[in-house]
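In: Requesting a structural model of the entry that follows:
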Amino acid sequence: PGADRFLFLPLGTGIAGAIGIDGRIEPGAHGYAGEIGHIVVRPQGPPCDCGQRGCLERLASAAAVSRAWAEASGDPDADAADCAKAVESGDARARAVWRNAVDALADGLVTALTLLDPRVLIIGGGLAEAGETLFAPLRAAVEERVTFQKLPTLVPAALGDTAGCLGAGLLAWDLLAARSVPPTPPTSLTPSTEVTT
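Out: Below you'll find the predicted structure:
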């Protein structure tokens, strides 16, 4: 239930989005609908490759958490999964990094909720693998920020981190199927007039 109106956000190297409406994904007029990762949530924030500053994906993607935790922990090999484990063990530095990411993500989500009013909000990607370490504070942060907006059901992606691979495969399959036209026999030849050698 609720799959008629949803927003799916994979939190990985970046943050993308898929807007689901009546059983289909809305591509937008130019194919860029759902690029929530480039909503500016911190105008004076870090520069983004898109040319803006403070984009959501520079603050709340798995890559952003990895960068922030590597710096805060002093371990250049530390990643978002390490940060989540440190949060669970009560590390104050990790909690600060995590809180910054959750706050930025909540700000971006409330903007999306205001514009799209989805029934279900699905969070996937590598950062979602943290489970309730992410979802509990994220639900609370979104609830704190909404005013008139209706809260959607916030759920983890059922397929976890494999959803992107599966989706890419299905898209490729659809594109190949759309381009495949079954061969038709030539109209000038009928079985009785074909020339054989």
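In: so where do the helices sit in this protein?
Out: Along the chain, counting by DSSP state H, helices occupy 56-60, 62-73, 80-88, 92-116, 132-145, 163-179.
In: hey, which of those is tucked in deepest?
Out: Most buried of the helices of the chain, by mean neighbour count (mean count of other CB atoms under 10 Å): helix 56-60, with a mean of 27. Quick note: C-beta positions are derived from backbone N, CA and C, even for glycine.
In: Adding mean pLDDT, write the helices of the chain out as CSV.
Out: Formatted as CSV, the helices of the chain follow (pLDDT from 0 to 100):
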stretch, mean pLDDT
helix 56-60, 97
helix 62-73, 96
helix 80-88, 96
helix 92-116, 97
helix 132-145, 96
helix 163-179, 66
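In: Export those helices to JSON lines and append columns for distance to Asp4.
Out: Compiled in JSON lines, those are given as follows (distance: least, CB to CB, whole Å):
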{"stretch": "helix 56-60", "distance to Asp4": "25"}
{"stretch": "helix 62-73", "distance to Asp4": "29"}
{"stretch": "helix 80-88", "distance to Asp4": "32"}
{"stretch": "helix 92-116", "distance to Asp4": "13"}
{"stretch": "helix 132-145", "distance to Asp4": "21"}
{"stretch": "helix 163-179", "distance to Asp4": "19"}
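In: between those, which gets nearest to Gly20?
Out: helix 92-116 (9.8 Å; CB to CB).
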